[in-house]
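>>> Predicted model follows, preceded by the sequence.
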Amino acid sequence: MESTDRAEFVRTLNGLAAIKGKELTAEALGLWWLAMSKWTIEDFKAAASHLVTSCQFMPSPYDFAQLVRAAEPTPDMNVCADTPLQ
């Protein structure tokens with residue numbers, strides 16, 4: 001994310017926290033910002049939108065990282081890509 005995204009990031013994260021019944025401290029927001037710094041604001045907001053309905057409790061940066069891992073292709077995902085169905 002860019003420094004210009006920080007206000008939108010904080011609004012999104014505070015909204016997520018409010019829905020989950022949590023309040024984030026300035027220190028927690030700082031750690032979240034560091035943890036999510038490689039994400040785009042668009043990807044972060046999309047992931048937050050998904051996690052708000054798929055996590056019972058307040059998600060952590062780990063939960064966001066798990067979404068990325070789940071979307072990464074595995075070595076055997078393309079095994080059948082060039083194999084015609086019989």
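Structure received. Residues are numbered from 1 along each chain as shown.
>>> okay, the residue nearest to the spatial centre of the chain: pLDDT?
Nearest to the mean C-alpha position of the chain, by Cα atoms, centre = their mean, lies F64 at 3.2 Å. Note for F64: predicted pLDDT of 93.
>>> That one contacts A46, doesn't it?
No: look at F64 against A46 with Cβ atoms under 8 Å: they stay out of range, at 10.4 Å. The way it works is simple: take the backbone N, C-alpha and C, and place the C-beta from them, glycine included.
>>> Can you pull out the low-pLDDT segments for the protein?
Applying pLDDT under 70 to the chain flags residues 72-86.
>>> try 80 this time
71-86 (pLDDT under 80).
>>> so what's the closest residue to S37 other than its chain neighbours up against?
Setting aside the residues directly before and after it, S37 is nearest to M1 in space (Cβ to Cβ, 6 or more residues apart in numbering), at 5.9 Å. Going by Cβ atoms under 8 Å, 6 or more residues apart in numbering, M1 touches F9, W33, M36, S37, K38, W39, T40, I41, F44.
>>> quick one: the fifth one from E2, how far?
Looking back up the chat, that one is K38. Distance of K38 to E2, given as Cβ to Cβ, to the nearest Å: 12 Å.
>>> still on that earlier bit, can you tell me which of the contacts of M1 are buried?
Among the contacts of M1, those that count as buried by neighbour count (16 or more other Cβ atoms under 10 Å) are F9, W33, M36, W39, I41, F44.
>>> Can you give me every residue that contacts the fifth one?
With contact taken as Cβ under 8 Å, 6+ apart, I41 is in contact with M1, E2, D5, E8, F9.
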